[in-house]
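# this one's sequence-less:
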């Protein structure tokens, strides 16, 4: 059933496949982000309570959602690396970690900027905010472990174990507003049933979310490609690739 995946365990095949994906992902990311951000910042109506400060929603919510999504994907890759000894899975986890940390930081910074006019403070030890901050520390810990050992296999195992332990934080972030009495507002888009947004606010969010997701794909592909080259630098195909690029 999964035989079609087997060729992509080959670093050379995965490298060239990633190269083919990049132009398409880049073009789609530019289109969706361009339309989504212009629509959200210039044409979407202001919120009746929050006014124009509500527009940070179109960056904050995609960043927060992707911070969790990237970590979950990283955990799947770490599990695959630990259980099935897939070296490319470890390379993909290493490629995702800095991207996830960046989007977690964006979520925290934009959340603070949004919280100041709404709550009157940049930061409170709210359950959602605190668990998101813990997620940032988990990402930084994984990045540190990936770079703490010269042996990439040992580094991957240590980082993979921390990644899998940290998965418990994902449902805490997601459901913290339901489990505890917090200042952070509940779900407005992803809740079951009809979203608590009008369609003229919802559609630009959808474009922004897809655009940011595609942007994440582009950055991860670039980093994954670099990880493949770094981990296979002595392979003949990598040397040939370097020679061809230097001669062209």
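Cool, got the structure. Here the structure is a predicted model, which is why all the values come from computation and not from measurement. Residues are numbered from 1 along each chain as shown.
# quick one: the helices in the protein?
For the chain, the helices defined by DSSP state H occupy 11-38, 57-84, 87-119, 127-146, 152-166, 169-179, 199-231, 236-247.
# Mind listing residues that contact the fifth one?
Same thing as helix 152-166. Applying CB atoms under 8 Å, 6 or more residues apart in numbering, the external contacts of helix 152-166 come out as 71, 74-75, 78-79, 81-82, 87, 90, 93-94, 97, 135, 138, 141-142, 145-149, 231. The C-beta positions use only the backbone N, C-alpha and C, and glycine is treated the same way.
# would a markdown table of the helices of the chain with mean pLDDT and mean neighbour count be doable?
Listed next are those as a markdown table, based on pLDDT from 0 to 100; neighbours: other CB atoms under 10 Å:
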| stretch | mean pLDDT | mean neighbour count |
| --- | --- | --- |
| helix 11-38 | 97 | 16 |
| helix 57-84 | 96 | 20 |
| helix 87-119 | 94 | 21 |
| helix 127-146 | 96 | 19 |
| helix 152-166 | 96 | 18 |
| helix 169-179 | 86 | 16 |
| helix 199-231 | 96 | 19 |
| helix 236-247 | 85 | 11 |
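# Dead centre of the chain: give me the residue that sits there.
Centroid-nearest residue in the chain: residue 70, 3.7 Å away (criterion: CA atoms, centre = their mean).
# ok, that residue to residue 98 distance?
10 Å (CB to CB, to the nearest Å).
# of all the helices of the chain, which lies closest to residue 45?
The minimum distance between residue 45 and the helices of the chain falls on helix 199-231, with 6.0 Å, by CB to CB.
# helices or strands next to that closest one in the packing?
Contact partners of helix 199-231 among helices and strands, from 3 or more CB pairs under 8 Å, 6 or more residues apart in numbering; DSSP states H and E: helix 11-38, helix 57-84, helix 87-119.
# Can you check what angle separates that helix from helix 152-166?
Put simply, helix 199-231 runs at 150 degrees to helix 152-166, going by axes from the mean of the first three to the mean of the last three CA atoms, to 10 degrees.
# From the chain's centroid, how far away is helix 199-231?
Centroid displacement of helix 199-231 relative to its chain, using CA atoms, centre = their mean, to the nearest Å, is 8 Å.
# what inclination does it have with respect to helix 87-119?
Using the same axes, to 10 degrees: helix 199-231 against helix 87-119 is 140 degrees.
# Could you check the angle helix 199-231 makes with helix 236-247?
Following the same axes, to 10 degrees, one obtains 100 degrees for the angle between helix 199-231 and helix 236-247.
# got the angle for helix 199-231 vs helix 57-84?
Between helix 199-231 and helix 57-84, the angle comes out at 40 degrees (the same axes, to 10 degrees).
# Spit out the contact partners of the closest residue to residue 101 other than its chain neighbours.
Once flanking residues are discounted, residue 101 sits nearest to residue 139: 3.7 Å by CB to CB, 6 or more residues apart in numbering. Applying CB under 8 Å, 6+ apart, we find residue 139 in contact with 71, 97-98, 100-101, 104.
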